[in-house]
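Chemist: output the structure for:
(one chain, ligands or ions: 1)
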Amino acid sequence: MNRNSCARLGVALLLLLSITAQARLPAAAIASAHPLATEAGFEVLDQGGNAFDAAVAVSAALAVVEPHGSGMGGGGFWLLHQADGGRNIMLDGREAAPGAASRDMYLDNRGQVVRDWAINGPSAAGIPGQPAALAHLASRYGRLPLATSLAPAIRLAKQGFPVEEHYRRLALMRRDVLNRSPEARRIFLSNGEVPAAGQLIVQPELAALLEALAEDGHDGFYRGELAQKLVDGVVDNGGLWSLEDLAGYKVVEREPVTGTFRGAKIISAAPPSSGGVVLIQALNILERFNDGQPDPALLPHLAIESMRRAYRDRALHLGDPDFVDMPIEQLLDKDYATGLAADIKLDRATPSSSLGKPVTVEQGNHTSHFSIIDQDGNRVAATLSINLPFGSGFVVPGTGLLLNNEMDDFSANPGAPNAYGLIGGEANAIAPGKRPLSSMTPTFIEWDGKVAILGTPGGSRIISMVMLSALEALDGKPAKDWVSRPRFHHQYQPDMVQAEPDFVGTEAGKSLLVRGHQMESTGRRYGNMQAVFWDGRTGKLEAVADPRGIGSGITRPINR
Ligand code: GLY
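Modeler: As a prediction, the model looks like this:
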């Protein structure tokens with residue numbers, strides 16, 4: 001090799017080294033709904049874990065310190081990005097209907113849905129997916145043993161965590177139901193009342209359950225002694241679980257749904273979540289107007305009309321992909337969006353009434369989201385749930401496991417609304433082993449060397465929150481603006497804009513009223529978005545928690 005070639009090789013090597021150095025982030029970032037869960041994630045990163053190990057730690061810690069939002073008795077969707085190879089994967093750890101479930105199980109003899117059966121007690125609980133998802137995440141994607149990543153949660157369950165105002169508000173909402181379950185009453189209330197701020201919630205039985213999972217992995221939860229206790233406790237109290245249901249539960253790896261908006265790539269949750277499909281469809285419709293950047297005075301109206309149409313298709317088409325055929329390709333198609341956009345009037349709301357009867361809506365604030373990026377660029381956006389605050393309100397005796405009420409995300413009576421006022425169709429009817437349709441929308445957005453990792457709780461409003469924040473991100477606003485902006489929502493039925501109080505009186509709010517939209521204030525602010533932003537070109541890294549909650553977003557270099 002002559003001197004010139006040597007010099008050229010040297011320059012090429014230097015360039016390669018500098019690109020590799022740039023690819024490594026200056027710090028890791030975690031945003032979660034509880035400071036103790038964010039810390040649990042960093043504890044595991046400090047021990048040599050990657051973003052996936054940290055996701056196990058954060059999920060398990062949230063299950064302990066945010067029992068109203070998610071839990072080991074629930075499920076969720078973990079959207080993963082492997083830096084090495086650039087692969088995106090969605091882990092579907094959604095709850096499944098028990099084998100004895102049936103289409104009409106929540107109807108009385110007049111064919112009416114009995115809300116109490118569908119949302120309270122063990123009759124409302126699907127087979128949990130979170131324990132299986134965490135075991136899978138650790139063994140397939142993590143660097144550390146499951147036991148290491150579960151250790152912070154086990155410690156928190158044993159030592160207890162202090163009650164804060166958010167806990168108190170949600171416990172008050174579900175106090176009567178928690179009081180029906182002696183174990184839930186003992187663990188989460190204080191003599192049947194909402195505990196005082198600062199009181200410690202200690203969960204030794206949940207610690208033992210996490211230890212069983214740490215020791216034996218998936219089977220520690222789904223087979224053997226714990227599984228028998230779970231089935232006995234559920235069946236003795238009117239539920240339908242069997243040992244076969246638990247032994248048969250499987251995490252499913254699915255392709256996330258993808259789309260583009262204003263040149264950015266959107267990667268989001270696939271069915272059985274409706275989140276990604278509705279998000280991308282709504283953005284596709286909005287993009288028909290000045291390439292997705294309409295006059296700001298028109299934006300709220302066009303966003304609402306886009307949501308209205310995308311949520312309508314949700315009700316018509318979406319369900320568990322292992323049970324129903326769905327026209328996903330069509331729903332995500334840009335030409336299809338052009339057709340849907342065609343009847344949007346710029347000066348007038350389109351009534352949903354021609355498409356179905358309006359229904360009343362009742363909303364809870366529950367579920368949980370966290371976002372992580374490690375210094376290698378691995379990412380996780382995870383939205384987890386036990387459905388309504390404190391799920392079904394039922395703790396299985398002797399296990400510390402608070403059960404979900406995710407069965408209410410099915411259409412108990414196709415065409416009738418669920419707890420979010422969401423209408424579902426035949427595609428989301430109950431069937432044994434089927435997974436209920438979700439709105440959870442863990443999402444990555446990639447554009448110009450930047451990446452946003454985001455998601456939020458908030459029932460049916462999750463998707464519209466992610467949509468509004470995506471618009472902020474693509475407008476170049478800082479991540480704190482994505483999570484704090486005033487929110488508004490439309491879900492096709494009821495035909496009503498639901499808006500945060502601080503949006504209603506604004507110029508944007510008035511721009512909706514003059515176009516004939518009905519608007520109601522949600523009374524209080526909603527959602528609890530957790531977001532991470534990484535700009536690979538400038539090196540800017542942000543982790544932010546929604547000011548509506550008590551969460552924390554932290555960036556910190558990991559010294560190893
Ligand atoms: N349980 C709320 C959802 O999955 O959308």
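
Chemist: can we go C-alpha only for contacts and neighbour counts from here?
Modeler: Fine.

Chemist: is residue 450 in a bridge, and if so with what?
Modeler: Assessed by DSSP bridges, residue 450 has beta-bridge partners residue 447, residue 535.

Chemist: what about it, neighbour count?
Modeler: Residues within reach of residue 450, counting by other C-alpha atoms under 10 Å, total 19.

Chemist: what are the ranges of the strands in the stretch 201-350 of the chain?
Modeler: 252-254, 257-261, 264-268 (DSSP state E, counting those that start in this stretch).

Chemist: for the stretch 51-200 of the chain, give the residue positioned nearest to the ligand.
Modeler: Closest contact between the stretch 51-200 of the chain and the ligand, by C-alpha to the nearest ligand atom, is at residue 76 (7.5 Å).

Chemist: and the angle from the host helix or strand of that residue to strand 264-268?
Modeler: Secondary structure from DSSP states H and E places residue 76 in strand 75-82. Between strand 75-82 and strand 264-268, the angle comes out at 140 degrees (axes from the mean of the first three to the mean of the last three C-alpha atoms, to 10 degrees).

Chemist: need the next SSE after strand 75-82, C-terminal direction.
Modeler: Counting by DSSP H and E, what follows strand 75-82 is strand 87-93.

Chemist: neighbouring strands for that next one, and are they parallel or not?
Modeler: strand 75-82 (antiparallel), strand 252-254 (antiparallel).

Chemist: one step back: and the strand holding residue 76, average pLDDT?
Modeler: The pLDDT scores in strand 75-82 average 98.

Chemist: quick revisit: point out the most buried one among the strands paired with strand 87-93.
Modeler: strand 75-82 (a mean of 27; mean count of other C-alpha atoms under 10 Å).

Chemist: coming back round to it: excluding chain neighbours, give the residue nearest to the residue of the stretch 51-200 of the chain closest to the ligand in space.
Modeler: Spatial nearest neighbour of residue 76, excluding adjacent residues (C-alpha to C-alpha, 6 or more residues apart in numbering): residue 384 at 4.1 Å.

Chemist: bridged to the one you found, which residues?
Modeler: Beta-bridge pairing for residue 384 (DSSP bridges): residue 76, residue 368.

Chemist: just checking, next helix/strand downstream of whatever helix or strand residue 140 lives in?
Modeler: Residue 140 belongs to helix 130-141 when assigned by DSSP H and E. Next along the chain after helix 130-141, taking DSSP H and E as the criterion, comes helix 146-159.

Chemist: the very next helix or strand once past that next one pairs with which strands?
Modeler: Next in sequence after helix 146-159, counting helices and strands by DSSP H and E, comes strand 161-162. Paired neighbours of strand 161-162 in the sheet (DSSP bridges): strand 200-201 (antiparallel).

Chemist: gap between the partner strand and the chain center?
Modeler: 26 Å (C-alpha atoms, centre = their mean, to the nearest Å).

Chemist: close to the ligand: what parts of the protein are there?
Modeler: Residues of the chain lying near the ligand by C-alpha under 6 Å from any ligand atom: 385, 387, 406, 438-440, 459.

Chemist: next, format the residues you listed as CSV and append neighbour count.
Modeler: Listed next are the residues of the chain next to the ligand as CSV, based on neighbours: other C-alpha atoms under 10 Å:
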residue, neighbour count
385, 34
387, 33
406, 30
438, 28
439, 26
440, 34
459, 24
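
Chemist: quick one on the thing from earlier: pick the most buried one from the strands of the stretch 201-350 of the chain.
Modeler: strand 264-268 (a mean of 22).

Chemist: what's the angle from that one to strand 257-261?
Modeler: Using the same axes, to 10 degrees: strand 264-268 against strand 257-261 is 150 degrees.

Chemist: other SSEs contacting strand 264-268?
Modeler: With contacts taken as 3 or more C-alpha pairs under 8 Å, 6 or more residues apart in numbering; DSSP states H and E, strand 264-268 sits against strand 257-261, helix 275-287, strand 443-447.

Chemist: pLDDT of whichever helix or strand residue 166 is part of, averaged?
Modeler: Per DSSP H and E: residue 166 is located in helix 165-173. On average, the pLDDT along helix 165-173 is 96.

Chemist: could you pull out the buried residues of the helix or strand following it?
Modeler: Sequence-wise, the next helix or strand downstream of helix 165-173 (DSSP H and E) is helix 175-180. For helix 175-180, burial by neighbour count (16 or more other C-alpha atoms under 10 Å) applies to 175, 177-179.

Chemist: circling back: quick one: the helix holding residue 140 to chain centroid distance?
Modeler: With C-alpha atoms, centre = their mean, you get 17 Å for helix 130-141.

Chemist: what does stretch 482-496 give?
Modeler: Distance, centroid of stretch 482-496 to centroid of chain: 17 Å (C-alpha atoms, centre = their mean).

Chemist: same thing with stretch 325-345?
Modeler: 25 Å.

Chemist: and the gap between residue 74 and residue 110?
Modeler: 31 Å (C-alpha to C-alpha, to the nearest Å).

Chemist: could you do residue 396 as well?
Modeler: According to C-alpha to C-alpha, residue 396 and residue 110 sit 31 Å apart.

Chemist: same deal with residue 76?
Modeler: Per C-alpha to C-alpha, residue 76 is found 34 Å from residue 110.

Chemist: for the residue nearest to residue 76, what are its contacts?
Modeler: By C-alpha atoms under 8 Å, 6 or more residues apart in numbering, residue 384 lies in contact with 59, 69-71, 74-77, 367-369, 440.

Chemist: sweet, I'm off.
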